[in-house]
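# quick one, fold the following:
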Amino acid sequence: MAVWPVKTFNFDENKAKKAVKLLLESFGEDLSREGIKRTPERVAAFYKEALSGNACDPMEIASVHYETEDHEEIVLVKDISFYSLCEHHLLPFFGKAHIAYIPKKDRIIGVSKLIRLIEVFANRLQLQERLTKQVADTVMCSVKPRGVMVVLEAEHLCMTMRGTKKPGSKMITSAMRGIFLKDARSRAEALSLLR
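Sure, this is the predicted structure:
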């Protein structure tokens with residue numbers, strides 16, 4: 001199981017603004033035009049926010065546990081909205097994430113922590129497959145549950161706006177760890193809760 005290191009996040013806003021100016025010039029745009037004057041600043045601010053997950057350590061987020069509860073059944077958080085940027089085209093992909101896990105006695109993570117894990121990993125240049133694995137591996141490493149299942153459903157603008165041009169097409173990825181890999185009944189129960 002991979003451990004996902006924290007990247008150093010040194011976002012250079014001035015370089016980002018210069019890059020956007022060059023890009024606009026390559027389109028033949030007039031940088032003094034009213035609608036475009038502040039575009040480099042807006043785009044740089046957007047990317048700084050959209051990539052802010054690079055500044056967070058996911059293991060710190062997942063480290064808070066409630067150790068007084070005695071629950072060893074499926075915990076599922078579904079329909080978590082997320083947005084990310086494809087590292088191949090710098091275009092968004094967006095959709096819903098679902099996380100199920102079976103805690104060991106006295107090892108329950110707060111629901112908001114699961115949602116924050118999605119946000120931290122989604123706020124990076126990503127591949128959907130990697131994002132799915134990163135969340136599953138972080139929960140396994142930190143919470144040490146009996147098992148974890150992560151399912152992501154997303155629409156990719158690189159398929160919607162270019163290339164195949166198929167709006168509404170969704171990519172579904174899953175990562176299963178622990179009991180969800182070994183026990184078909186547990187896996188089937190979690191999948192039935194997703195429907």
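
# low-confidence ranges in the protein?
1-8, 64, 67-69 (pLDDT under 70).

# could you rerun that using 80?
1-9, 63-70, 106 (pLDDT under 80).

# all helices for this protein, in order.
13-26, 39-50, 58-61, 111-122, 128-143, 157-160, 179-182, 184-194 (DSSP state H).

# can you tell me which of these is nearest to residue 76?
The minimum distance between residue 76 and the helices of the chain falls on helix 184-194, with 5.2 Å, by C-beta to C-beta. In this view, the C-beta of every residue, glycine as well, is placed from N, C-alpha and C.

# helices and strands around the closest one, which ones?
strand 75-86, strand 92-102, strand 147-156, helix 179-182 (3 or more C-beta pairs under 8 Å, 6 or more residues apart in numbering; DSSP states H and E).

# now with 10 Å, please.
strand 75-86, strand 92-102, strand 147-156, strand 171-178, helix 179-182 (3 or more C-beta pairs under 10 Å, 6 or more residues apart in numbering; DSSP states H and E).

# now the longest one: buried residues?
Using 16 or more other C-beta atoms under 10 Å as the burial criterion, the residues of strand 75-86 that qualify are 75-77, 80, 82, 84-86.

# so which of the helices and strands packed on helix 184-194 gets nearest residue 25?
Taking the helices and strands packed on helix 184-194 one by one with C-beta to C-beta, strand 75-86 is closest: 22.8 Å.

# tell me which residue is most central in this protein.
residue 122 (2.6 Å; C-alpha atoms, centre = their mean).

# and the gap between that residue and residue 82?
According to C-beta to C-beta, to the nearest Å, residue 122 stands 4 Å off from residue 82.

# overlap of the contact sets of those two?
93-95, 97, 131, 152, 154 (C-beta atoms under 10 Å, 6 or more residues apart in numbering).
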